[in-house]
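K.L.:
for reference, the sequence and a predicted model appear below.
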Amino acid sequence: MRKLKEFIIEKLILVCGLAAIFFVVLIFLFLLKEGLALFKSVNPFAFIFGKSWYPISEPAQLGIMPLILGSLLVTLGAAIISIPIGVACAVYISEVAPSKTKEILKSGIELLAAIPSVVLGFIGMVTLVPWVKSVFHLPTGLTALSGSIMLAFMAMPTIVSVAEDALYSVPKNYKEGAFALGATHWQTIYRVMLPAASSGIVAAVMLGIGRVIGETMAVMMITGNSAIIPHSILQPVRTLTATIAAEMGEAVVGSEHYFALFAIGIVLFVISFIINVTADLFLHKRQ
Amino acid sequence: MRNTKRTQKIAFFLMLLATLLIVVPVGMIVVIIVQKGLPAINWQFLSDIPRQGMRTGGIFPAIIGTIYLVLGAIVFALPIGLLAVIYLSEYSRDNFLTRIIRLAIVNLSGVPSVVYGLFGLALFVVFFKFGASILSGSLTLGIMILPIIITTSREALESVPQSFREVSLSLGASKWQTIRHIVLPNAIPGILTGTILGLGRAAGETAPILFTVAAFYLPQLPKSIFDQAMALPYHLYVISTQVPNVDEKVRYGTALVLLVLVLFMNLVAIIIRYRFRKKKKW
C-alpha cells in the first residue's frame, strides 16, 4: 500500500517537473493556433513589413512595421539610459559600497523591482510626462522618450541584480592577484573584474532589454499610442505590447483583427524566447 | 601615481552618481504616492463601491477581486510549483532533460505579461469556455508566477545539506519519506518566501488579467469563480487613463493601496528569508 502511494506520488512529481516545458509549449501552440489563422488572408511579408496599421478601417490594413519600430525606438532609448547606469550601479554595490550601505542599496533596487508596472506608469503620467512636455516644448509629453525613461527604470533592477551576481562570482584570487601586482582598486575593477564578469554582464543587459520589450502597462500609459512610423524620439509611438493590450478588448473573437493581435503575440514570444535562450547561454558560459 | 588615484576617485564618484540616479527616484516615487495618496485613505474608501462613474466612492470590489485572483493563482501554482521543485532538486539528474526544463523555466519567466494575457484568452476564456472569469484570470496568473515559485523554492530545497538526506535514508526511510519529513520541513521558509513573492507579483500585474477577468466596473462582488471581477491594478489603469476628471486624490489613493499591498507581501517575504538565514545552523 505504501509502495503504491509512493509510486503515485513520484509519478506526480515527475509530471509536475515537466510542467514548465508543458506550459511553454502550450503557450506557443495556442499563440500559433490563433495567430497563424491570419495568414490565410494576409501575406506574412505584408504583415511584418506593412507600413500602416489600421485594423478597423475597411479594408483593414494590418502592417506592424510602425509597431515594431515603436518598440525598437523605445527599447533602444531605454537601453542607452539603463545599461551604463545599471552596470555602474552593480559595480558600485558589489565592489565599492561599504557592507551596510550595500544592504540598503540592494533593498532599494528590490523595492523598484517590486513596484507594479501600472503604478510606475501612473507615476510616469503625472510626473515625467508633464516634465518632458515643458522641457522640450512639445504639444504632448506622451512620447517615446518618456517611455524610454520609464522603461529604463524597469530594466535597471534586472540589470543590476544579474550583473552584481556576475561580479560577485568572479573568483576572489583574481582580485587579490591584481592588488598584489600593485593595481589600484579602480584598475582592478576595470581591467580584471569587468572582463572576468563580462559574459554575466552581457546576460544582465539582455535580460534587462527582454524586460523592456515585454513591458506593457507603463508603456501603454505614457507613450501616446499612435501607430505611425516614428521620426524622432519626441513623438508619440505605439509598441507591439501596447497594441495588444489596447485593442484586444475591442477585437471580436475570430475576426481578422483578433488573429492579427495573436500574430503580434507570436512575434513577441519569439523575441523573448531568443533573448532568454541567448542570455542563458551567456550565463552558462561563465560557469 | 597621483593620476591613477584621481581617475579612481572620478570613477567611483560617477558610479555613486549612477546608483543614486536609481535609488533616489525610487524613494521619491514611494514618497509621492504616500504623501498624495494618504489623504484619500479612510474607511469609506476601503469599504465602499465606486460611485459616480468611479469618480468618488471606494475601491472595495477591486480589493476583493485582487484578493480572489491572487488566492486562486496560488491554489493552482503552489502544488504544481512545489512538486516541480521536488523533482528538480531531488529526482532529476544532470542530463539533457533537466537542461531543457531549466531553459523552459527561464523562458516562462521571460514571456511578456501581455502574451500571458493572450494565452489565457485563447486557452481558458475561448477554448475551455470559462469566459472572462476569476477562474480564467487565476489560472493565467498562476502559470505566470510558476517560475518565481520554482526558482526561489529550489534554492531552499538545495540548501538543505546532503547529509540530512543520507542520515534519513540510512535509517531506512524511503526517498519520499525523506523528502516529506526531512527536506520539506527544513525548506519551508524558503518555499514560503517564493510563494509570497509570487503572490506580490500576481497582485500587481495588469496585462494578464486585461482580457481574462478584469471588469471595467462592477457594482457588486463576484459570487462564483465564473464571474468577472474588478482588480486593483486594472482599476488604477482605468481611472488614470479611461475615465476623465477623476479626482487626483482617488488615483493616488488607489495607487497607494496597490503599492502597500504589493510591498507588504515583499516585506514579509524578505523578513522570513532574513530570519531563516539567521537561524540556520548549518
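P.N.:
Nice, thanks for sending it over. Source: prediction; values computed, not measured.
K.L.:
any idea how far the nearest residue to A:Gly17 once chain neighbours are set aside lies from B:Leu108?
P.N.:
The shortest distance from A:Gly17 to any non-neighbouring residue, by CB to CB, 6 or more residues apart in numbering or on different chains, is to B:Tyr87 (2.9 Å). In this view, the C-beta of every residue, glycine as well, is placed from N, C-alpha and C. Between B:Tyr87 and B:Leu108 the computed distance is 15 Å (CB to CB, to the nearest Å).
K.L.:
near the residue nearest to A:Gly17, how many other residues are there?
P.N.:
B:Tyr87 has 22 neighbours, counted by other CB atoms under 10 Å in any protein chain shown.
K.L.:
show the contacting residues for B:Ile33.
P.N.:
Contact analysis of B:Ile33 by CB atoms under 8 Å, 6 or more residues apart in numbering or on different chains lists A:Val119, A:Ile123, B:Tyr252, B:Ala255, B:Leu256, B:Leu259.
K.L.:
cool, B:Ile196 as well?
P.N.:
For B:Ile196, the contacting residues are B:Met265, B:Asn266, B:Val268, B:Ala269, B:Ile272, by CB under 8 Å, 6+ apart.
K.L.:
near chain B, which residues of the stretch 51-200 of chain A are found?
P.N.:
Selection of the stretch 51-200 of chain A residues close to chain B by CB under 8 Å from any CB of the partner chain yields A:84-86, A:88-89, A:91-93, A:96-97, A:105, A:107-112, A:114-123, A:125-127, A:153, A:156, A:160, A:184-187, A:189-190.
K.L.:
keep only those of the residues you listed that are in helices.
P.N.:
A:84-86, A:88-89, A:91, A:105, A:107-112, A:114, A:117-123, A:153, A:156, A:160, A:185-187 (DSSP state H).
K.L.:
before we move on, the earlier item: and the contacts of B:Ile33, which is closest to A:Gly254?
P.N.:
A:Val119 (34.6 Å; CB to CB).
K.L.:
so for that closest one, what's the pLDDT?
P.N.:
Note on A:Val119: pLDDT of 95.
K.L.:
ok so, going back, A:Leu138: which of the contacts of B:Ile33 is nearest?
P.N.:
Ranked by distance to A:Leu138 (CB to CB), these are led by A:Ile123 at 19.6 Å.
K.L.:
that closest one contacts B:Val26, correct?
P.N.:
No - between A:Ile123 and B:Val26 there is no contact under CB atoms under 8 Å: 10.6 Å.
K.L.:
in terms of neighbours, single out the busier of the two.
P.N.:
Higher neighbour count among A:Ile123 and B:Val26: A:Ile123, with 27 against 20, using other CB under 10 Å.
K.L.:
residue contacts, the more buried one?
P.N.:
For A:Ile123, the contact set (CB under 8 Å, 6+ apart) comprises B:Ile29, B:Ile32, B:Ile33, B:Ala255.
K.L.:
restricted to helices, list these.
P.N.:
Among those, the residues falling in helices (DSSP H) are B:Ile29, B:Ile32, B:Ile33, B:Ala255.
K.L.:
nearest to chain A: which residue in the stretch 151-282 of chain B?
P.N.:
B:Gly204 (2.9 Å; CB to the nearest CB).
K.L.:
what about that residue, neighbour count?
P.N.:
26.
K.L.:
and the residue nearest to it when sequence neighbours are not counted, its phi and psi?
P.N.:
Once flanking residues are discounted, B:Gly204 sits nearest to A:Pro116: 2.9 Å by CB to CB, 6+ apart. When quoted as degrees, to the nearest 10, the phi and psi of A:Pro116 stand at phi -60, psi 150.
K.L.:
quick one, grab the pLDDT at the spatially most central residue of chain A.
P.N.:
Nearest to the geometric centre of chain A sits A:Arg211, at 1.6 Å (CA atoms, centre = their mean). The model reports A:Arg211 with a pLDDT of 91.
K.L.:
mind listing what the closest residue to chain B within the stretch 51-200 of chain A touches?
P.N.:
With CB to the nearest CB as the measure, A:Pro116 is the residue of the stretch 51-200 of chain A nearest to chain B, at 2.9 Å. Taking CB under 8 Å, 6+ apart, we find A:Pro116 in contact with B:Ala203, B:Gly204, B:Glu205, B:Thr206, B:Pro233, B:Leu258, B:Leu259, B:Val262.
K.L.:
format those residues as JSON lines; extra columns: secondary structure.
P.N.:
Listed next are the contacts of A:Pro116 as JSON lines, based on DSSP: H, G, I helix; E, B strand; the rest coil:
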{"residue": "B:Ala203", "secondary structure": "helix"}
{"residue": "B:Gly204", "secondary structure": "helix"}
{"residue": "B:Glu205", "secondary structure": "coil"}
{"residue": "B:Thr206", "secondary structure": "coil"}
{"residue": "B:Pro233", "secondary structure": "helix"}
{"residue": "B:Leu258", "secondary structure": "helix"}
{"residue": "B:Leu259", "secondary structure": "helix"}
{"residue": "B:Val262", "secondary structure": "helix"}
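K.L.:
would you mind listing which of the residues of the stretch 51-200 of chain A next to chain B are buried?
P.N.:
Buried by 16 or more other CB atoms under 10 Å in any protein chain shown: A:85-86, A:88-89, A:91-93, A:96-97, A:105, A:108-112, A:114-123, A:125-126, A:153, A:156, A:160, A:184-187, A:189-190, out of those.
K.L.:
next structured bit after the helix or strand that contains A:Gly35?
P.N.:
Using DSSP states H and E, A:Gly35 sits within helix A:19-35. Using DSSP H and E, the helix or strand that follows helix A:19-35 in sequence is helix A:44-49.
K.L.:
who touches that next one?
P.N.:
For helix A:44-49, the external contacting residues (CB under 8 Å, 6+ apart) are A:Leu38, A:Phe39, A:Leu62, A:Gly63, A:Ile64, A:Met65, A:Ile68, A:Ala260, A:Ala263, A:Val267.
K.L.:
buried members of those residues into ChimeraX, please.
P.N.:
Buried subset of the contacts of helix A:44-49, written as a ChimeraX selection, criterion 16+ other CB under 10 Å:
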select /A:38,62,63,64,65,68,260,263,267
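K.L.:
show me the contacts of helix A:44-49 that map onto strands.
P.N.:
Here DSSP state E is the test, and those give A:Leu62 as lying in strands.
K.L.:
so which of the contacts of helix A:44-49 comes closest to A:Ala218?
P.N.:
Nearest to A:Ala218 among the contacts of helix A:44-49, counting by CB to CB, is A:Ile68 at 19.1 Å.
K.L.:
contacting residues for that closest one?
P.N.:
A:Ile68 sits next to A:Ile48, A:Leu240, A:Val267 when contact means CB under 8 Å, 6+ apart.
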